[in-house]
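[1] Let's see this in three dimensions:
(chains A and B)
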Amino acid sequence: QQQVKQSPQSLIVQKGGISIINCAYENTAFDYFPWYQQFPGKGPALLIAIRPDVSEKKEGRFTISFNKSAKQFSLHIMDSQPGDSATYFCAASKGGNFNKFYFGSGTKLNVKP
Amino acid sequence: ETGVTQTPRHLVMGMTNKKSLKCEQHLGHNAMYWYKQSAKKPLELMFVYNFKEQTENNSVPSRFSPECPNSSHLFLHLHTLQPEDSALYLCASSQEGGVIGYTFGSGTRLTVV
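    As a prediction, the model looks like this:
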């Protein structure tokens, strides 16, 4: 059973547009939700993360929106750039167990110039 | 060298071969992990080591054998693999009680023929 479900599988956005990637989870014990960015030939790198005590976190052009009641969270990339083209993974961990993350299946983002 | 270094970057092996993947972290972290990344699937946690001790084996077949001689080095010994084991194998490290999140290596692309 997949603990974190991610959509869409792939996304094409024009330069300057908004990219939105969604994740949903079932386990209410999850209390930490990071997003990772992976470029071809590289390992995933931590992009931004949120805890469920806030509904939104913004870092530059990247924003996480969190809906605790719906058990959903999403990544918004404002003013998307070709350099943002990568695969994005959401993840979740529970109860302070930062040794175990449950990952979504990834979204391949292509930002067209 | 900084970060997490994995060698080799690419490996092609026959089903009867024995090979090893190596991971080295230069971050002073005390936890290390092996993940398997297959196309269009979530990252799969394979093994977790905390302070050199294995704390998790996520039902991984015995043809994968991890070794952690110290907090900076992690190996994955491979023998009699199957073609379905072809994937990107990622090593990661983190600091227990420190900054939350993994630092991933760039991975070893394994092809079993």
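
[2] Contact partners for the residue nearest to residue B:104 when sequence neighbours are not counted?
    For residue B:104, the nearest residue in space outside its immediate sequence neighbours is residue A:43; the separation is 3.1 Å by C-beta to C-beta, 6 or more residues apart in numbering or on different chains. Heads up, the C-betas are built off the backbone N, CA and C, glycines and all. Contact partners of residue A:43, counting by C-beta atoms under 8 Å, 6 or more residues apart in numbering or on different chains, are B:4, B:90, B:92, B:104-107.

[3] Go through those and name the one nearest chain A.
    Of all the contacts of residue A:43, the one with the least separation from chain A (C-beta to the nearest C-beta) is residue B:104, at 3.1 Å.

[4] Pairing partners for the lowest-mean-pLDDT helix or strand in chain B, with directions?
    For chain B, the helix or strand with the lowest mean confidence is strand B:53-57, at a mean of 77 (criterion: mean pLDDT, DSSP states H and E). Applying DSSP bridges, strand B:53-57 is found paired with strand B:44-50 (antiparallel).

[5] Show me which positions of stretch A:79-92 end up buried.
    Burial within stretch A:79-92, assessed by neighbour count using 16 or more other C-beta atoms under 10 Å in any protein chain shown, is assigned to A:80, A:84-92.

[6] Oops, could you answer that again for stretch A:30-50 instead?
    Applying a neighbour-count criterion of 16+ other C-beta under 10 Å, one finds A:30, A:32-38, A:43-44, A:46-50 buried in stretch A:30-50.

[7] Please consider this matter closed, and thank you.
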